[in-house]
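Engineer: Take this sequence and fold it.
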Amino acid sequence: MAGMWGLCASDLLQVAHWNPRALAGMLGYTLLGAVGFNIARIASLVLDGRLPALETPSLLATMTFLTGPILTMALGIGFILLIAERLQEDLRRTATYDALTGVFSRRAFLTEAERAFANARRSRTPFSLLLLDLDHFKRINDTFGHQAGDEVLRAFAELAQRMLRQGDLFGRYGGEEFCALLPDTDRDGAWTVAERLRAHLSDLTVEHQGHRLAVTVSTGLAEGPVNANSLDAIIADADKALYCAKALGRNRVEIHRNVA
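Structural biologist: Below is the predicted model:
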């Protein structure tokens, strides 16, 4: 029993090591206490040559009878709380990150973008917003299947995350559309980033079941919050620029100032 509980305690304490707030630590130390008690029983057997009869009143007999129900209750309650904690973490992650690509979900992106917008207005610093739409994505789904489309989405998300800075925000806005917010970046700097991303994606091919899928992206760019009253207004400007990029042939970056 000491060996079994010791192994369980070791695993639980490893979880607590990378997540100190986890209830796993409490369960691990509870099991260590039980291990210590069993070691004390082993030591008693080694020193005295026999275990005292449990019906004989003694501290060891009392602890032997109490350890079982106390440990059972502690572990039962602890594991229930641990499962609840895990479910809450799973729900939080599901609400925050897109399940397919691993980037921010639309809701989480907009929440973080609103904070960035408020900070930029207070500090009077620029930021730029990119609205990116994969070209002819429906054609990929119709021709090669939705699994191929999923591979394309994941490949694009990985490429974008590698090319954006650590402080930039990036999320899936919906379907094949993504959104990026670049703090402390004016439209010229953002255009350089967007154009570099467009060029790298044009050189990328996605392998799927023996097929090599070529992908391009159209991007609309808007700068804020110089004349914008809300984040929605900046997104609307970027959407207009995106529409212009598609109308001009796709696989290009357009800035809102060029849209009438």
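Engineer: Toward the C-terminus, what is the element adjacent to the longest helix along the chain?
Structural biologist: Among all segments of the chain classified by DSSP state H, the helix with the greatest residue count is helix 59-96. For helix 59-96, the succeeding helix or strand toward the C-terminus, using DSSP states H and E, is helix 106-123.
Engineer: got the angle for that next one vs helix 59-96?
Structural biologist: Taking axes from the mean of the first three to the mean of the last three CA atoms, to 10 degrees, one finds that helix 106-123 is oriented at 80 degrees with respect to helix 59-96.
Engineer: now the helices: where do they sit in the stretch 101-250 of the chain?
Structural biologist: 106-123, 137-144, 146-163, 187-202, 231-247 (DSSP state H, counting those that start in this stretch).
Engineer: Would you mind extracting the C-alpha trace of the fourth one into CSV?
Structural biologist: In CSV, the C-alpha atoms belonging to helix 187-202 read as follows (Å, rounded to 0.1, in the frame of the first residue of the first chain):
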residue,chain,number,x,y,z
ARG,A,187,-0.1,51.3,-41.7
ASP,A,188,3.2,51.3,-43.4
GLY,A,189,4.7,48.9,-40.9
ALA,A,190,1.6,46.7,-41.0
TRP,A,191,1.7,46.6,-44.8
THR,A,192,5.2,45.3,-44.7
VAL,A,193,4.1,42.5,-42.3
ALA,A,194,1.0,41.7,-44.3
GLU,A,195,2.9,41.6,-47.6
ARG,A,196,5.6,39.4,-46.2
LEU,A,197,3.0,37.0,-44.9
ARG,A,198,1.2,37.0,-48.3
ALA,A,199,4.5,36.2,-50.1
HIS,A,200,5.4,33.4,-47.8
LEU,A,201,1.9,31.9,-48.1
SER,A,202,2.2,32.0,-51.9
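Engineer: For it, list every residue counted as buried.
Structural biologist: Burial within helix 187-202, assessed by neighbour count using 16 or more other CB atoms under 10 Å, is assigned to 187, 190-191, 193-194, 197-198, 201. From N, CA and C alone the C-beta is placed, and that goes for glycine too.
Engineer: counting contacts, what elements does that helix pack onto?
Structural biologist: strand 127-134, helix 146-163, strand 177-183, strand 217-224, strand 253-255 (3 or more CB pairs under 8 Å, 6 or more residues apart in numbering; DSSP states H and E).
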